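sharing a model that was predicted from the sequence below.
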Amino acid sequence: MSNEVFQVRYSQLNQDLLLNELKKRYKSINPISCQLFKTGMNDVYIVKSNYSTFP
């Protein structure tokens, strides 16, 4: 077994886990969904709540 590290070129956040974290941090807006919108240098997620949509 080798101790070499396999380098990652790109990774994405798990949308369900991101939504759970947003629910903890932003209780006042009550986020109800989180969806990957665009990938690139910075990934963009669309977060929807009962009140609004946040890009």
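Perfect, thanks for sending it.

so where is this structure shaky, pLDDT-wise?
1-2 (pLDDT under 70).

from residue 16, how far off is the nearest residue to residue 13 once chain neighbours are set aside?
In space, and not counting its chain neighbours, residue 13 is closest to residue 43: 7.2 Å by Cβ to Cβ, 6 or more residues apart in numbering. (Each C-beta comes from the backbone N, C-alpha and C, glycine too.) Separation of residue 43 from residue 16 (Cβ to Cβ, to the nearest Å): 15 Å.

over to residue 40?
22 Å.

neighbours of the residue nearest to residue 13, how many?
When counting by other Cβ atoms under 10 Å, one arrives at 14 neighbours for residue 43.

how about the strands in the protein?
Under the criterion DSSP state E, strands of the chain are mapped to 31-38, 44-49, 53-54.

out of these, which is closest to residue 12?
Smallest distance to residue 12 across the strands of the chain (Cβ to Cβ): 6.8 Å, for strand 31-38.

thank you, goodbye.
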